[in-house]
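> here's a sequence, model it:
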Amino acid sequence: MIEISVVIPTCNRKARVISLLRNLSASTYPFKEVILVDSGEDRFAKEELDQFIPLNITYRNTAKSVCLQRNTGISLATTDWVFVCDDDIEVPLTYVEKIITHINNYPDACAISGVVLQQENGRWQSKYPVTSVVTLLWKYFFCQSIWGDIACNDTLLSRGIKKYYAARKNFITKAGWPVLTDFAGSYFHAPVYGLGASVIRRSFLLKFPYEEKLDKHGIGDNYGLSINLPAGSIHVLNNAYVYHHQEKINRLQKIPQHYRRVMALDYFRTTNKRLGFVKKRYLLWSVFGHMLLAAVHLERDMVLVNLKLILQIGSGKNIYAARK
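The predicted structure is shown next:
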């Protein structure tokens, strides 16, 4: 039987953690241990965790850094597989059991996740289909990310581009952005995925720890891990899912998130040989596309942050490169 350690980083989200621990207590697949790594001021009292004694909780405190917290928990884990779980995830009863069944059937997999659902405009969804020919052309022209089916009309302009994406399936563009358009089968391969509710081989987590140079929120952390895993070893199950509640406490707003995500991509581009095909000029071009779109929508602050990114990346002044 595969033993699982759960690693949960958290910061001042006590209610969310309690909810998650209740989910884990009800899981149809048992866990050997839960390692809760807390960087917040609102610490857990012993009595609060004692209600979950069967989970065998280890509680640790660290400085504010999601990546440091995850690495700390992984170092304390005593199993070969780790369920890396964000604190604002809602885990259905059979979620981990389905992942373990998949591991038994596909032993070469290194990181296995279910579909991560997020609430957008009142609906839970995991994909963002491209329904406009103009949007498809824009994303293709500026080497930007697509995370969903290509569902726009067949036109003279779109036909060839749709064939291109169908042939490439799931890949990383020359600008470094992930493209996920192929979700067929019981599971699909992803070059990059949000691994905040995934079961991962601990040996790879120790070999490729989360990058602690990133900001305390860890924006870009899963990208950094994903690109280090063997090709084809990230499996996403279509029959398993979790709900990501996107807790507002300690969550960055859209513009600083975008800034740090692009900075993280540029940092990994310059420090990881696996991204040798990702070129600065294409990344800058994609950011320029984001800036133009923001200008069209009269989003002044987003225009300015993209201009800042172009100037900083263009001059080689990445905010993470100088950190020790």
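
> can you give me the strands for this structure?
4-10, 33-38, 57-61, 81-85, 89-90, 111-120, 123-125, 146-147, 171-172, 178-180, 187-189, 197-201, 234-244 (DSSP state E).

> need those strands in a markdown table (columns: distance to Lys273, mean pLDDT and mean neighbour count).
The way it works is simple: take the backbone N, C-alpha and C, and place the C-beta from them, glycine included. Shown next, in a markdown table, are the strands of the chain (distance: least, C-beta to C-beta, whole Å; pLDDT from 0 to 100; neighbours: other C-beta atoms under 10 Å):
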| stretch | distance to Lys273 | mean pLDDT | mean neighbour count |
| --- | --- | --- | --- |
| strand 4-10 | 28 | 99 | 25 |
| strand 33-38 | 30 | 99 | 23 |
| strand 57-61 | 33 | 98 | 15 |
| strand 81-85 | 24 | 99 | 24 |
| strand 89-90 | 32 | 98 | 18 |
| strand 111-120 | 20 | 97 | 19 |
| strand 123-125 | 35 | 95 | 11 |
| strand 146-147 | 25 | 98 | 20 |
| strand 171-172 | 14 | 98 | 19 |
| strand 178-180 | 18 | 98 | 21 |
| strand 187-189 | 21 | 98 | 19 |
| strand 197-201 | 21 | 99 | 23 |
| strand 234-244 | 19 | 98 | 20 |
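
> just send those back as JSON lines, with distance to Tyr259 too.
Listed next are the strands of the chain as JSON lines, based on distance: least, C-beta to C-beta, whole Å:
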{"stretch": "strand 4-10", "distance to Tyr259": "22"}
{"stretch": "strand 33-38", "distance to Tyr259": "26"}
{"stretch": "strand 57-61", "distance to Tyr259": "29"}
{"stretch": "strand 81-85", "distance to Tyr259": "25"}
{"stretch": "strand 89-90", "distance to Tyr259": "25"}
{"stretch": "strand 111-120", "distance to Tyr259": "20"}
{"stretch": "strand 123-125", "distance to Tyr259": "25"}
{"stretch": "strand 146-147", "distance to Tyr259": "19"}
{"stretch": "strand 171-172", "distance to Tyr259": "20"}
{"stretch": "strand 178-180", "distance to Tyr259": "18"}
{"stretch": "strand 187-189", "distance to Tyr259": "30"}
{"stretch": "strand 197-201", "distance to Tyr259": "25"}
{"stretch": "strand 234-244", "distance to Tyr259": "21"}
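
> mind checking which of those strands is nearest Ser25?
The closest of the strands of the chain to Ser25 is strand 33-38. By C-beta to C-beta, the value is 9.6 Å.
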